[in-house]
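Participant: Build me a model:
(chains A and B)
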Number of protein chains: 2
Amino acid sequence: MTRRVLMTVLFALAAALCLQHPARAQTDPLPSWNEGAAKNAIITFVNRVTREGNMGYVPPEARIAAFDNDGTLWCEQPFYFQMAFAFDRIKALAPKHPEWKTQEPFRSLLQGDVKTAASAGEKGLLEVVAATHSGMSTEDFADAVRDWLASARHPRFHRRYTDLVYQPMLEVMHYLRANGFKTFIVSGGGIDFMRPWTEHIYGIPPEQVVGSSGVTRFELRDGKPVLMKEAKVEFVDDGPGKPVGIHRFIGRRPLIAFGNSDGDLQMLQYVSAGDGARLVMYVHHDDAEREYAYDRTSQIGRLDKGLDEAAAKGWPLISMKNDWKVVFPPTSGGGSVGEAPR
Amino acid sequence: MTRRVLMTVLFALAAALCLQHPARAQTDPLPSWNEGAAKNAIITFVNRVTREGNMGYVPPEARIAAFDNDGTLWCEQPFYFQMAFAFDRIKALAPKHPEWKTQEPFRSLLQGDVKTAASAGEKGLLEVVAATHSGMSTEDFADAVRDWLASARHPRFHRRYTDLVYQPMLEVMHYLRANGFKTFIVSGGGIDFMRPWTEHIYGIPPEQVVGSSGVTRFELRDGKPVLMKEAKVEFVDDGPGKPVGIHRFIGRRPLIAFGNSDGDLQMLQYVSAGDGARLVMYVHHDDAEREYAYDRTSQIGRLDKGLDEAAAKGWPLISMKNDWKVVFPPTSGGGSVGEAPR
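Facilitator: Sure, this is the predicted structure:
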């Protein structure tokens, strides 16, 4: 027997043993989930589309799963974490902007009065975003995001923001990738705000992050090419923008979508309307003790029309309170994911 | 020995034998390339960044390669294939547009007079694109592209357009993927025009295609979600738009970029300016006999500033005439790629 033949035989033997002895199937792929309809819906769906010979079998290249980020993969209260970043940047940039001392909403933010600042409404918020998310290169911005995440702490949980990801959802992403899915983020959040950390925290590489964006401009500075971030909105990946973003960035309809708010409704409609079996689910924030409880009347992450549509169409709801054994990863630094991203 | 232990031992043995006996290294990964500086540059670079322990080692997740499409992966003469598609669609749609009989550039196109039509300039061309690339759902458009590719033939080579891909570049893409690279298209062509066929022909899935795009609009039609293509340009992925497109869609700087025209220059500048080793190369069309010969004065695929910059910076040129044993795949249907897309 040559080495090559021996090698082939050994691989074949090992593979045969794997098939006879599926060690993976005996371990729970979603250990942080309580038994129930939500967990069952996920596992049943994955079995249905991944087992060859099944009616609903889908080849690996078409296994796309889309996840909203804020409120679906990590916490979004008391306000979107990207806003916390922007507010902290206002403070950091204030020495260069003496005019902010008298100019709203900057004045209130510098005094730590987020409520008054918020009363400036969407226009005021856009000014804050423009002032903190432009006028620098994309690389300098990514550094600013990383620096902030390393030092900032959540006001209630006193943990890093990237520790406030949902352990059960990390398991879902891991489980899907282990079953040949490519996982994507499809978020209303800024694409440049997410990409510096999603690979490390979620196992989702930059090229699989879809989000809102501002215009960037190519420049040669002393012969060196840079991309500068401009203070102009280019794309809002929210509401009807989510299916548009999916089409633009992914180019095919996902099999699975997870969301938590009315901003995800069109994405869930679009995904569920695809041919064959699809799985769309809402995370329902009903756990004031371990996280937050909010839905129909919340300013942030409002889930109102979506609740009605989920009931009407039979989309399974994920109850944070009842379906999840834990909410956040137990130890700090959470969310490190062992396998290569797909 | 339990089955599980046996399995582990067998896998370890097989893997060890693989390492000792690298069958792949003995076969030429680029058989359609003549020995020379261009082929050598590619293989040397791949070895440099993929061998663990090397100074220039790059982990798999950062191995991104970007390919222009028109003139780099497939032929672009006598005019961009997407234009041939648009012209044929004008003929197909003419019965619904009696006004085109007297209206330029439609009138000339309907008479097969592309030259006169082209004299309508960019404005005329945009009208043709608007008339043929909008007013339908993204799915209907994808069907139209597939139908056209199945029936249309190139005027000189009398082959399907998707047969006119460059065999040596198929080998480069395959070779890179076998070495852990993710391959992306970064093209000035329309993203919706490319995605229906790039996976089958190049092994590049839709989510790894970056291109120019029009606005799409989400709608519920009788409760069914659809994305409608509008007659409005959203993004031109050409020239300085290419690094912008790379940042937007991929979110990190590629290690490798291939182009063939001045429209690729900023992409090549951006890629070559990254930290560590980078490889940027131009395909030079110098083979009038087997394909076409054009560079500094061509209307389509002009390579003028790029030739100067390549010379100044020592970017290796790929001579179609001297570096490639064959240009197109020998049999029809070319470009089927054996491995799963990365």
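
Participant: Low-confidence ranges, the stretch 51-200 of chain A, go.
Facilitator: Along the stretch 51-200 of chain A, the model assigns pLDDT under 70 to no residue.

Participant: Chain B contacts on that one?
Facilitator: Within the stretch 51-200 of chain A, the positions adjacent to chain B are A:60-61, A:64, A:138, A:182, A:184, A:191, A:195, A:199 by CB under 8 Å from any CB of the partner chain. Where C-beta positions appear, they are placed from N, C-alpha and C, glycine not excepted.

Participant: mind putting these in a markdown table, neighbour count included?
Facilitator: Below are those laid out as a markdown table (neighbours: other CB atoms under 10 Å in any protein chain shown):
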| residue | neighbour count |
| --- | --- |
| A:Pro60 | 14 |
| A:Glu61 | 16 |
| A:Ile64 | 25 |
| A:Thr138 | 20 |
| A:Lys182 | 22 |
| A:Phe184 | 23 |
| A:Ile191 | 25 |
| A:Arg195 | 24 |
| A:Glu199 | 20 |
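
Participant: Just want the most central residue of chain A.
Facilitator: By CA atoms, centre = their mean, chain A has its centre lying nearest to A:Asn69, at 2.6 Å.

Participant: OK, contacts around the closest residue in space to it that isn't next to it in sequence?
Facilitator: Residue nearest to A:Asn69 in three dimensions, not counting chain neighbours: A:Ser187, with 3.7 Å by CB to CB, 6 or more residues apart in numbering or on different chains. A:Ser187 is in contact with A:68-70, A:194, A:209-212, A:237, counting by CB atoms under 8 Å, 6 or more residues apart in numbering or on different chains.

Participant: Where does A:Ser187 sit: helix, strand or coil?
Facilitator: strand (DSSP: H, G, I helix; E, B strand; the rest coil).

Participant: Please look at the residue nearest to the centre of chain A and A:Gly190 and confirm they touch.
Facilitator: No: A:Asn69 is beyond contact range of A:Gly190, at 10.3 Å (criterion: CB atoms under 8 Å).

Participant: joint contacts of the two?
Facilitator: Residues touching both A:Asn69 and A:Gly190 (CB under 8 Å, 6+ apart): A:Gly211.

Participant: near chain B, which residues of the stretch 201-342 of chain A show up?
Facilitator: A:205-209, A:213, A:216-218, A:220, A:224-225, A:227, A:240-241, A:243-244, A:247-252, A:266, A:269-270, A:273, A:340-341.

Participant: thinking again about what came up before, for the residue nearest to the centre of chain A, what are its contacts?
Facilitator: Applying CB under 8 Å, 6+ apart to A:Asn69 gives the contacts A:185, A:187, A:189, A:194, A:211.

Participant: how far away is it from A:Gly259?
Facilitator: Note on A:Asn69: its distance to A:Gly259, by CB to CB, to the nearest Å, is 10 Å.

Participant: Give me the neighbour count for A:Pro155.
Facilitator: The local packing of A:Pro155 (other CB atoms under 10 Å in any protein chain shown) involves 11 other residues.

Participant: Torsion angles phi and psi at it?
Facilitator: Backbone torsions for A:Pro155, taken as degrees, to the nearest 10, come to phi -60, psi -30.

Participant: How many residues are close by A:Leu164?
Facilitator: A:Leu164 has 22 nearby residues by other CB under 10 Å.

Participant: List the contacts of it.
Facilitator: Residues counted as contacts of A:Leu164 (CB under 8 Å, 6+ apart) are A:74-75, A:81, A:154, A:157, A:328.

Participant: Filter these down to the buried ones.
Facilitator: Buried members of these, scored by 16 or more other CB atoms under 10 Å in any protein chain shown, are A:74-75, A:81, A:154, A:328.

Participant: Narrow these to those in helices?
Facilitator: Using DSSP state H, the subset of those located in helices is A:Phe81.

Participant: Among the buried ones among the contacts of A:Leu164, which pair sits farthest apart?
Facilitator: Farthest pair in these (CB to CB) is A:Phe81 and A:Phe328. Separation: 13.6 Å.

Participant: Now a PyMOL select for only the buried ones of the contacts of A:Ser187.
Facilitator: Of the contacts of A:Ser187, the buried ones go into a single PyMOL selection, burial set by 16+ other CB under 10 Å:
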select buried, chain A and resi 68+69+70+194+209+210+211+212+237
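
Participant: Tell me the one of the contacts of A:Ser187 nearest chain B?
Facilitator: A:Val209 (6.4 Å; CB to the nearest CB).

Participant: In this structure the closest one contacts A:Thr198, no?
Facilitator: Yes: using CB under 8 Å, A:Val209 makes contact with A:Thr198 at a distance of 5.4 Å.

Participant: So for these two, which residues contact both of them?
Facilitator: Overlap of the contact sets of A:Val209 and A:Thr198 (by CB under 8 Å, 6+ apart) consists of A:Ile185.

Participant: give me the element A:Phe193 is part of.
Facilitator: Element membership of A:Phe193 [criterion: DSSP states H and E] is helix A:191-202.

Participant: Beyond that helix, next helix or strand please.
Facilitator: Along the chain past helix A:191-202, the next helix or strand (assigned with DSSP H and E) turns out to be strand A:209-221.

Participant: Paired strands for that next one, with orientation please.
Facilitator: Partners of strand A:209-221 in the sheet, by DSSP bridges, are strand A:182-190 (parallel), strand A:224-235 (antiparallel).

Participant: The stretch 201-342 of chain A: helices as residue ranges?
Facilitator: A:241-249, A:265-272, A:305-313, A:320-323 (DSSP state H, counting those that start in this stretch).

Participant: what ranges do the strands span in the stretch 1-150 of chain A?
Facilitator: Here the stretch 1-150 of chain A has its strands, by DSSP state E, counting those that start in this stretch, at A:64-67.

Participant: coming back round to it: list just the nearest of the contacts of A:Asn69 to A:Glu99.
Facilitator: Taking the contacts of A:Asn69 together and measuring to A:Glu99 by CB to CB, the closest member is A:Gly189, at 28.2 Å.

Participant: and the closest one, how many neighbours?
Facilitator: Close neighbours of A:Gly189, defined as other CB under 10 Å, add up to 22.

Participant: list the contacts for it?
Facilitator: A:69-70, A:80, A:82, A:211-212.

Participant: Low-confidence ranges, the stretch 201-342 of chain A, go.
Facilitator: Across the stretch 201-342 of chain A, the ranges flagged by pLDDT under 70 are A:332-342.

Participant: again, only this time at 90
Facilitator: Residues of the stretch 201-342 of chain A meeting the criterion pLDDT under 90: A:223, A:330-342.

Participant: hang on, the earlier thing: I'd like to know how far the residue nearest to A:Asn69 sits from A:Asp304.
Facilitator: Distance of A:Ser187 to A:Asp304, given as CB to CB: 20 Å.

Participant: what does A:Asn34 give?
Facilitator: Going from A:Asn34 to A:Asp304 by CB to CB gives 26 Å.
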